[in-house]
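Novice: Build me a model:
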Amino acid sequence: MTTLDDITQERERGMLGALEVRAAAADVGDGTADAPVIEGLGSVADQRTTIEGFFSAWDEEVAPGAWRKTISDGRRILSMFNHDPSRLLGSTDAGTLRLVEVPEGLHYSVDINPDDPLAVSAHAQVMRGDVAGSSVWFRVIREQWTEPTDDNGLERPLRRILEAQLFETGPVTMPAFEQTTAAARSLAAVDSMLRSAGMRSSHKRAALTFATFVDPGDAVEEFRDFLDRHPEVREAVCDCKLSDGGRAAGVPAPDPDGPPPAGHLSTPALSVARARLDLMRRPVPAA
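Specialist: Numbering: from 1, shown residues only. A predicted model of the protein is given here:
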């Protein structure tokens, strides 16, 4: 039986990173032909579901009111199709994405740009009924865990999300399967990289992880500053060379036959970082 200790260990491994992805079958509707809209429930309240982690499993439910603060604090929230930054549908700062918490959960409504063929295509798929799910990228702020006992009848630990910070919500093709799992693994890899490199603030990790996937340019300066202060991370992630062709001071050349150096990143983290952080391909001046 999975215990809270098991889940704590999974958190330490970075698999439950600062930024998480959840998706489930949810009603996705659409507007009129004159004013095309995609709308649905990005998160459903008070419905229990089982989350299969990499090393453990737990049940999870979202409490009513969990999204109230995040949709009123004025921070930019995006809507994308299938978690794909190239399929941006709308945003709260542009007024094209509207969010409201209803008794059933987190409701979103996004205006479709008729001049964007990809957005129109997503809208057409919703109208046909081919797309019938929604998803959220979020960070948990407050949560409550209940461990199974003989008295409560729980089979697994129960996580109740009391408050969450929302980064993105939108329609997904297969809400419980491939793209949600892939997104969660990618997010966990980047978050784990930042955590192992010494970035302790979960809020900063979540913001940078999301920016990495959505708009790497927004994270350039902060990442450069972070890498200047942690040359060993810069070397591990991108094998960047300094302008004079040397290595960062104090960073020894890796021994190909020896153990990984301190701060070495896992292969998944490296692949994600290399694919997403194009800014790291350029030389970074010495601090």
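
Novice: Go ahead and list the helix or strand containing Leu208.
Specialist: Using DSSP states H and E, Leu208 maps to helix 202-214.

Novice: What residues sit buried inside that helix?
Specialist: Applying a neighbour-count criterion of 16 or more other Cβ atoms under 10 Å, one finds Ser202, Arg205, Ala206, Ala207, Leu208, Thr209, Phe210, Ala211, Thr212, Phe213, Val214 buried in helix 202-214. C-beta coordinates here come from the backbone N, C-alpha and C atoms, glycine included.

Novice: which residues of the stretch 1-150 of the chain fall in helices?
Specialist: Taking DSSP state H, counting those that start in this stretch to define them, one finds helices in the stretch 1-150 of the chain at 4-12, 117-128.

Novice: Can you list the residue ranges for strands in the stretch 51-200 of the chain?
Specialist: Secondary structure of the stretch 51-200 of the chain by DSSP state E, counting those that start in this stretch: the strands cover 57-62, 78-80, 88-91, 97-102, 105-111, 133-146, 158-172.

Novice: Might you list the low-confidence residue ranges for the protein?
Specialist: 1-17, 26, 30-34, 53-55, 175-186, 217-218, 232-287 (pLDDT under 70).

Novice: can you do 50?
Specialist: 9-16, 239-287 (pLDDT under 50).

Novice: Quick check: nearest residue in space to Ser135, chain neighbours excluded?
Specialist: Ala23 (3.4 Å; Cβ to Cβ, 6 or more residues apart in numbering).

Novice: and the gap between the one you found and His230?
Specialist: The gap separating Ala23 from His230 is 33 Å, by Cβ to Cβ, to the nearest Å.

Novice: which one of these two has more residues nearby?
Specialist: A direct count of neighbours by other Cβ atoms under 10 Å for Ala23 and His230 places Ala23 higher, at 25 against 18.
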